[in-house]
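Asks: pasting the structure only:
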Ligand code: IMP
Ligand code: MG
């Protein structure tokens, strides 16, 4: 298969939107400390940029769950691969995700995290593909709502590649 990419959201637009989200989060968490939970690996670029734009005290932890493997379709099966290093009990949690597609991953994660007695739990995603939703997930902060296309870059991968693109692109696969 031949892989071609085109820009969907340019780097400046992504950075600008992340700065806005950072301001909004800083206002909403005024007087509190926010504990960011990044979902590996897709959210790493986003969480770094976002954390730099938050002005209230920030701590961070990471967890990893299985998603699509090498394909571009969700299996609906979610597996915990790496758990958090620290307890979240009594903390104000903000889950930071790259993209919400079917909603299976976040639905599983939010249930799992809620059972650990955090003070509060909210969700921030860089991208959202609402047309593809199979399970309801409440999104508190969203960067961009995008159409049903497979995207790469800014942390998002296809078969582990393209994460390092500084923009959000659309990947097309065609017969060679
Ligand atoms: P969900 O469980 O279907 O909501 O899928 C969530 C996960 O699938 C995300 O955290 C991504 O890792 C991956 N994913 C979903 N859509 C895309 C895409 O368009 N490009 C790259 N990864 C995606
Ligand atoms: Mg992910």
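Replies: Structure received. Not measured: the values here are computed from a predicted model. Numbering: from 1, shown residues only. Ligands and ions are numbered 1, 2, ... in the order given.

Asks: what parts of the chain come near ligand 1?
Replies: 42, 67-68, 74, 97-106, 150-152, 156 (C-beta under 6 Å from any ligand atom). Bear in mind the C-beta positions are built from the backbone N, C-alpha and C, glycine included.

Asks: 8 Å instead?
Replies: Within the chain, the positions near ligand 1 by C-beta under 8 Å from any ligand atom are 39, 42-43, 67-68, 72, 74, 76, 78, 97-107, 127, 129, 132-134, 137, 149-152, 156-158, 171.

Asks: out of the residues you listed, which end up buried?
Replies: Neighbour-count burial (16 or more other C-beta atoms under 10 Å) applied to those gives 39, 42-43, 67, 74, 78, 97-107, 127, 129, 137, 150-152, 156-158, 171.

Asks: which residues does the helix or strand hosting residue 127 contact?
Replies: Element membership of residue 127 [criterion: DSSP states H and E] is strand 120-128. Strand 120-128 is contacted by residues 14, 18, 21, 25, 43, 46, 50, 92-100, 106, 110, 113-114, 137-146, 151, 154-156, 168 when judged by C-beta atoms under 8 Å, 6 or more residues apart in numbering.

Asks: would you mark the buried spots in that strand?
Replies: Under 16+ other C-beta under 10 Å, the buried positions of strand 120-128 are 121-128.
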